[in-house]
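Just to be clear, the model below is a prediction. Sequence and coordinates:
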Amino acid sequence: MKENIDYYQHYANSHQHPKFKMLRVKYGWAGEGKFWALNNMIAQSENCRLDISKKYNKASIANDLDFNIKTLDEFLDYLNDDCNLIIKNGTTITTDIIQENFGKVSSKRQRNSEDYRNSQKSETDIKPSENIQSKVKESKVNKIYKKERFLEFVLLTKEEHTSLKIKLGRYLDDYIERLNNYIGSKGVRYKSHYHTILNWHRKDCKSSTKGDFNAE
């Protein structure tokens, strides 16, 4: 589960609070802007706590806020000691604003995660007999509709081939070859090769012309 936040809310009149006025006394409005930029960094950090224990981390923060390391330390001390706007424990810093938002978001994520696990469990919680029947039915359907290839392009199920054999007799092989050659030469597609052969056979019977195997 994600351990930071991408957004947070704060009161629109927060600048009226004495803590922010105290901040502006020394750093002006630019200082308040840097405080909110610091909150953004905290929000994106693991557990919404910004690590300042490593010198290169502190240098990166200082660079982003247009400080050097010494003036950054002074700024953080002022926010912590005089303004009471950050929570500093030596190795990390955070703020009440970010922690409040992080707590709400974490609770929502936890509920969503539990809801998802419960939904997955309900979907897989099927009686064994129902599961077996479903698999048997699926197997039968796949078996019925599985098509076999004749020559290069003609596809027929076992049942379709048997039905055509009964209806067309010794002429079936001729029709399969005729359809195969037609598909191969023209590149056409048919939804059902079974019904295409039947349709050609009916037309041939109507024309009553022996050996007329021209596709239509």
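That came through, no problem.

now the host helix or strand of Asn57: mean pLDDT?
Asn57 is part of helix 55-64, with elements assigned from DSSP states H and E. Here helix 55-64 scores 95 as its mean pLDDT.

likewise stretch 68-82?
Stretch 68-82 shows a mean pLDDT of 96.

can you give me the end-to-end distance of it?
End-to-end distance of stretch 68-82 (Cα to Cα, to the nearest Å): 20 Å.

So which bits of it are buried?
72, 75-76, 78-79 (16 or more other Cβ atoms under 10 Å). In this view, the C-beta of every residue, glycine as well, is placed from N, C-alpha and C.

Filter the residues you listed down to the ones in helices?
Secondary structure from DSSP state H places 72, 75-76 of these in helices.

Just give me how far whichever strand or helix holds Tyr116 sits from the chain centre.
Under the criterion of DSSP H and E, Tyr116 resides in helix 96-124. For helix 96-124, the separation from the chain centroid amounts to 18 Å (computed by Cα atoms, centre = their mean, to the nearest Å).

Run through the residues that contact Lys191.
Contacts for Lys191 (Cβ atoms under 8 Å, 6 or more residues apart in numbering) come out as none.

and what of the one 5 residues further on?
If you count contacts by Cβ under 8 Å, 6+ apart, Thr196 has them with 179, 190.

how near is it to His15?
Taking Cβ to Cβ, to the nearest Å as the measure, Thr196 falls 78 Å from His15.

Below-threshold pLDDT in this structure: ranges please.
Low-confidence regions of the chain, defined by pLDDT under 70, span residues 1, 122-145, 208-216.

show me where this structure has strands.
All strands of the chain, identified by DSSP state E, fall at 50-51, 87-88, 92-94, 147-150, 154-157.

can you count the residues close to the closest residue to Lys19 other than its chain neighbours?
Of all residues not flanking Lys19 in the chain, Cys83 sits nearest, at 5.0 Å (Cβ to Cβ, 6 or more residues apart in numbering). For Cys83, the neighbour count with other Cβ atoms under 10 Å is 21.
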